[in-house]
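**Student:** A predicted structure for the sequence below; I have some questions about it.
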Amino acid sequence: MCGICGFFGEKEDSKVILKQMMDKIAHRGPDDEGMYVDKLAAIGHRRLSIIDLNHGAQPMYNESGDLAIVFNGEIYNHLELRKDLIAKGHKFSNESDTECLIHGYEEYGTDLLMKLRGMFAFVIWDAEKQVMFGARDHFGIKPFYYTQTGEHLVFASEIKSILEFPEVEKKVNVAALEQYLSFQYSVLPETFFQGIYRLPAGHYMTYENGKLTIERYFDPIMEPKESGDLEQTVQEIEAVVHDTVDAHMIADVEVGSLLSSGVDSSYVVSEFPGEKTFTVGFLDKQSQYNEIRYAESLVEELHKKNFSKNIDSDEYFDSIETVMYYMDEPLADPSCIALYFVDQLAAEQIKVVLSGEGADEFFGGYNIYHEPLSLKKYQKIPRTVRKGIAGIAKKMPDIKGRDFVIRGSKTVEERFIGNANMFSVEDREKLLKTSLTHITPQEIVSTTYDKVKELNDIAKMQYIDTNFWLQGDILLKADKMSMAHCLESRVPFLDVRVFEYAKTLPIDFRCDQEATKKAFRIAAKRHIPEATANKKKLGFPVPIRVWLKEDQYYNKVLSVLTSDAAKQFFHTEILEKLMEEHKQGKADNSRRIWTVYVFLIWYKVYFQEEQFEPINREWINQRVRTR
């Protein structure tokens, strides 16, 4: 796990500029640094040593020295690839997985990507042909940002590194804000910084003679079978999970695991041979917002150790600016701050953790996936009738059943944009003062839906979440919060071999009237307590709604929502009303309030602070000094 950055095109003081870019992402790699610079290319690397600790320094080169690579991630099948490449005549000089990429590219070109099992973002510079090749992994586990400015292509693992390039002008992309208010994360190809883009998951790029080309090499489309044998499927899932956890243990350092009260991380912990697990919670141990008691109970049964931390409200709020600094873009998921603390806890002892992300998207685990089943009978009523009933319901107070008839009047394409839907189009257009594109969330996801027109609604929802929610929220916070503490986070369920199996599961083995992740949960019950395997999906519970009713935090948040910065973007009287309604208990507006608040904190960090210092800066500096 590392940080990469660089640029292509002639530039004076290339080494000085590259060093500034590298220093901005020192937290991603405190153990070492390296750079390659020629007339047309400057690529840099910050290393967190995990595999081949003594000989894995980057940039790395092929035998002739005309290919140079910088790589962030892990290739879990690199020993298999190495064996194949040696048989084809390639000479290896070390034991790192990085060298497999450069020799694999020599041998297979872009076809190499479909042979990889791992998480990755890398760039290869061909000095002889003067061609750059860059790629991002199948599901977007590792980040990859880029921009074109003048005659230069600039790239990095984090946006803050790109901002160090002299010609990059820092400007807010208000079109990103418009969609963020609905999705709760940055959803457009262009980030919150004008002109800076993310390379999408499953894509690669080439840059030659000033021309940038981007191609897709992998598309995670579900292909559910009509039926299957449940017992055989459960046994196959057990084998798949065992294999992927085993593959993700490859390391020359100790590996631990994050642990919540849910089935996904619990199943990982039951399978991994390590000992240390890490958990955080809020309020007291008996609270619905505290998962520590569940974690302690599980590790006692599995004969492992759990290290836990109770996060108090003051340190949670005090960390938000630092979290937004490391995130690069605003993310209104309150759990990203909790993740910051659990990763901090783990980083005090180890360099690698396993985590349970991805099982919900692949195996059908989100509670919302029940909706097509719940609406099935109602949607037998002619649509024109349902539309009429919905029109009446919209004019009524928010009583029980109102949302059901409104959502039942819509197709899945009309009602589902992913796991979060904060502000409606109407509400966000009333709220925003900025110029508007008037593009709806449904328009954003429509081209993705077009690819899976023939699939069952649940499989369609999985595809939307894999392409949007997983990349924009789940994986982004997993990478950024772990790397903020020089920690590598691995996600065994987000493995191409797991996906190749999971994509064929019959729909009723994913989700039925009784349970989400049906077959997966049955498999998990054979390894963890039944109560844990059956536990309803909670996410990462954070008591935002509770805190926003307390005077201290109500006033703290309100002061930000009515600030001069807020008035640049929002009609703040609407925000004041949302706050008052929430405090009085008239409505739970916590998530919508939080969405705006987090954006404004991010804006302060990147556009109002001259030189922001994260609260763990000294800890990071110490790690770098003692490498």
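**Tutor:** Structure's in. What do you need? Residues are numbered from 1 along each chain as shown.
**Student:** Please, where are all the helices along the stretch 151-300 of the chain?
**Tutor:** Counting by DSSP state H, counting those that start in this stretch, the stretch 151-300 of the chain has these helices, from start to end: 159-162, 174-183, 230-247, 263-271, 292-302.
**Student:** what sits up against the shortest one?
**Tutor:** So that's helix 159-162. 3, 5, 21-22, 24-25, 145-147, 154-156, 168, 191, 193, 196, 325, 328-329 (CB atoms under 8 Å, 6 or more residues apart in numbering). (Each C-beta comes from the backbone N, C-alpha and C, glycine too.)
**Student:** measure the spatially most central residue of the chain to Leu494 for me?
**Tutor:** With the centre of the chain defined as its mean C-alpha position, the nearest residue by CA atoms, centre = their mean is Leu475, 1.6 Å away. Leu475 sits 8 Å away from Leu494 when distances are taken as CB to CB, to the nearest Å.
**Student:** Need the residues touching each of those two.
**Tutor:** Here Leu475 and Leu494 have 139, 141, 357 as joint contacts, going by CB under 8 Å, 6+ apart.
**Student:** Give the burial count for the last one, as a bare number.
**Tutor:** Around Glu357 there are 22 other residues, counting by other CB atoms under 10 Å.
**Student:** State the helix or strand in which the residue of the chain most remote from its centre lies.
**Tutor:** Relative to the mean C-alpha coordinate of the chain, counting by CA atoms, centre = their mean, the farthest residue is Val385 (40.3 Å). In the assignment (DSSP states H and E), Val385 maps to helix 383-394.
**Student:** which helices and strands does that helix pack with?
**Tutor:** helix 402-408 (3 or more CB pairs under 8 Å, 6 or more residues apart in numbering; DSSP states H and E).
**Student:** any idea how far the following helix or strand past the helix it packs on is from the chain center?
**Tutor:** Once helix 402-408 ends, the next helix or strand along the chain (criterion: DSSP H and E) is helix 412-415. A distance of 23 Å separates the C-alpha centroid of helix 412-415 from that of its chain, computed with CA atoms, centre = their mean, to the nearest Å.
**Student:** re earlier: state the distance from the residue farthest from the centre of the chain to Asp137.
**Tutor:** Noted for Val385: a distance of 47 Å to Asp137, by CB to CB.
**Student:** list the contacts for the nearest residue to Gln568 once chain neighbours are set aside?
**Tutor:** Distances taken as CB to CB, 6 or more residues apart in numbering place Lys433 nearest to Gln568, at 7.2 Å, with adjacent residues excluded. With contacts defined as CB under 8 Å, 6+ apart, Lys433 is in contact with 567-571.
**Student:** Pop out the phi and psi values for Lys433.
**Tutor:** The phi/psi pair for Lys433 (degrees, to the nearest 10) reads phi -100, psi -20.
**Student:** again, but for Gly3
**Tutor:** Summarising the backbone geometry of Gly3 under the convention degrees, to the nearest 10, its torsions are phi -130, psi 140.
**Student:** pretty sure it is touching Asn72, no?
**Tutor:** Yes - under the criterion of CB atoms under 8 Å, Gly3 lies in contact with Asn72, with a separation of 6.3 Å.
**Student:** Do you know the pLDDT at Val255?
**Tutor:** Confidence per residue is given as pLDDT, and for Val255 that number is 95.
**Student:** what about it, distance to Pro492?
**Tutor:** 11 Å.
**Student:** Looking at the two now, which is surrounded by more residues?
**Tutor:** Neighbour tally, Val255 and Pro492, criterion other CB under 10 Å: the higher count belongs to Pro492, 29 against 21.
**Student:** Please work out how many residues are found near His138.
**Tutor:** Here the number of neighbours of His138 (other CB under 10 Å) works out to 24.
**Student:** That one: what's it in contact with?
**Tutor:** With contacts defined as CB under 8 Å, 6+ apart, the neighbours of His138 are 201-202, 218, 220, 496, 499.
**Student:** Inside strands: which ones of these?
**Tutor:** Using DSSP state E, no member of these sits in strands.
**Student:** between Gly3 and Asn72, what contacts are shared?
**Tutor:** Taking CB under 8 Å, 6+ apart as the contact criterion, the residues that touch both Gly3 and Asn72 are 28, 157.
**Student:** Show me which of the two is the more surrounded one.
**Tutor:** Neighbour tally, Gly3 and Asn72, criterion other CB under 10 Å: the higher count belongs to Asn72, 32 against 28.
**Student:** wait, is the more buried one part of a helix?
**Tutor:** No - counting by DSSP: H, G, I helix; E, B strand; the rest coil, Asn72 falls outside a helix, being strand.
**Student:** contacting residues around Asp246?
**Tutor:** With contacts defined as CB under 8 Å, 6+ apart, Asp246 is in contact with Glu271.
**Student:** Model confidence for it, exactly?
**Tutor:** According to the model's per-residue confidence, Asp246 sits at a pLDDT of 96.
**Student:** What strand or helix carries Val342?
**Tutor:** For Val342, the enclosing helix or strand under DSSP H and E is helix 335-347.
**Student:** oh, I was asking about Met35
**Tutor:** Per DSSP H and E, the secondary structure element for Met35 is strand 32-37.
**Student:** what's the spacing between the helix or strand that that strand is followed by and its chain's center?
**Tutor:** Next in sequence after strand 32-37, counting helices and strands by DSSP H and E, comes strand 41-47. Between the mean C-alpha location of strand 41-47 and the chain-wide mean there is a distance of 23 Å, by CA atoms, centre = their mean.
**Student:** elements contacting strand 41-47?
**Tutor:** Counting contacts by 3+ CB pairs under 8 Å, 6+ apart, strand 41-47 packs against strand 2-8, helix 14-24, strand 32-37, strand 67-75, strand 118-126.
**Student:** now that strand against strand 2-8, angle please.
**Tutor:** Inter-element angle recorded for strand 41-47 and strand 2-8: 170 degrees (by axes from the mean of the first three to the mean of the last three CA atoms, to 10 degrees).
**Student:** Compute the number of surrounding residues for Pro200.
**Tutor:** Pro200 has 14 neighbouring residues, counting by other CB under 10 Å.
**Student:** quick one, what contacts it?
**Tutor:** Contacts for Pro200 (CB under 8 Å, 6+ apart) come out as 136, 140, 189, 216, 471.
**Student:** any idea whether the last one is helix, strand or coil?
**Tutor:** Taking three-state DSSP as the rule, one finds Gln471 in the helix state.
**Student:** Would you enumerate the residues in contact with it?
**Tutor:** Neighbour list for Gln471: 139-140, 200-201 [criterion: CB under 8 Å, 6+ apart].
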